[in-house]
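In: sequence plus predicted model, see below.
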Amino acid sequence: MNTWLRHHLYAIRIAARRLLGTPFSSLTNIIVIALVLTLPLLASAMLVSMQPLARNISVNPAISLFMKDATTIEQTHALATQLKNEHSQSILTLEVIDKAEALQSLKASKSWSDALKVLPQNPLPHSIIITLSDEASPTETAEQLAEVWSKLPDVDLVQFDSAWVQKLEAILSFIRIVLGLLAAGVALIVITTIFNTVRMQALVQRDEIAVARLVGATESFVRRPFLYFGAITGLTAGLLAVLLTSITLGFLNQAITLLSNSYGIPFNVTLPSASWLVLTIALVMLIAATAARWSVTRHSHF
């Protein structure tokens, strides 16, 4: 155990010495990886911050059923009870609005009162306002129910505007796809950067590696410092990327707050959870270490 720990500590010291030995090259690699990693971090921050907003907006879509002129208020109440019993799992709340009450409500508004006075009779129908419960696919459920209810004999019109919900869900899907593409691009750049850096180091230190093998060093002992070199580079780049993302979000939130307040919706973009960030940095370290192992394996056989 002590020997294993000594070997790994030695490998970490050698990796750190190699990083500090070429400060310009190391800093350039770290900055490149960090800048590229900042893009998916920003996209993930947008996605994580928008999902609660999307749930709050679209989690309970409403459907309005407008009755035919010949339908009485008693028939409207009977239909509401029937719908509540048949779709109890999908309906959160249900409200029957009498056309007389709706007319009085409009007359109380100054913008409508004068226009309604000239009408010979009440033009409004009885209506049922249905708020759907929280489900995995609220848009799809609402569209299915709206289609079924539009065929009821007493229903004249079903109103459900799903376009804005669909647009919001499409935006979130688009961000997820972009996030996946950015993550793949980050992985490719990390592999390319670390692979070429380790290749150059292996060629420069070929004499040192050859001597180490002559005195009995195993392949694991030879490769281990390069693996830690890649892992430390990935760790440093990941931490720098989180810092850059945090600074960028600070500037973005100033503009976003002004825009969201103008619509009366408090909203700002925050970093993903700490566990998510730790997992991301660990994944970058793993990719960098794997790229280093691949490179040193290919270029250390002399």
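Out: Everything's here; your move.
In: what sits against the residue lying closest to residue 66 once chain neighbours are set aside?
Out: Spatial nearest neighbour of residue 66, excluding adjacent residues (C-beta to C-beta, 6 or more residues apart in numbering): residue 157 at 4.3 Å. Using the backbone N, CA and C atoms, a C-beta is placed for each residue, glycine as well. The contact partners of residue 157, by C-beta atoms under 8 Å, 6 or more residues apart in numbering, come to 65-66, 150.
In: count of residues packed around residue 75?
Out: For residue 75, the count of nearby residues is 15 (other C-beta atoms under 10 Å).
In: in three-state terms, label the residue nearest to residue 66 for me.
Out: In three-state terms, and counting by DSSP: H, G, I helix; E, B strand; the rest coil, residue 157 is strand.
In: in the host helix or strand of residue 210, what counts as buried?
Out: Secondary structure from DSSP states H and E places residue 210 in helix 206-214. Buried residues in helix 206-214, counted by 16 or more other C-beta atoms under 10 Å: residue 209.
In: also stretch 7-21?
Out: Buried, per 16+ other C-beta under 10 Å, within stretch 7-21: 11-12, 14-15, 18-19.
In: okay, the residue nearest to residue 66: pLDDT?
Out: Note on residue 157: pLDDT of 86.
In: equivalent analysis for residue 242, please.
Out: Residue 242 is given a pLDDT of 93.
In: show me what the host helix or strand of it is packed against.
Out: For residue 242, the element it lies in under DSSP H and E is helix 219-262. Judged by 3 or more C-beta pairs under 8 Å, 6 or more residues apart in numbering; DSSP states H and E, helix 219-262 is in contact with helix 2-21, helix 23-58, helix 163-204, helix 206-214, helix 274-299.
In: report the distance from the third one to the chain centre.
Out: On the basis of C-alpha atoms, centre = their mean, to the nearest Å, the separation between the geometric centre of helix 163-204 and that of its chain is 14 Å.
In: same question, the last one
Out: Centroid displacement of helix 274-299 relative to its chain, using C-alpha atoms, centre = their mean, is 23 Å.
In: isn't there a helix covering residue 130?
Out: No. Checked against three-state DSSP, residue 130 lies outside a helix; its state is strand.
In: can you start the count at 4 instead of 1 from here on
Out: From this message on, residue numbering opens at 4, which makes the last subject residue 133.
In: ok, now how distant is it from residue 150?
Out: 14 Å (C-beta to C-beta, to the nearest Å).
In: and those two? Which one has more around it.
Out: residue 133 (25 against 11).
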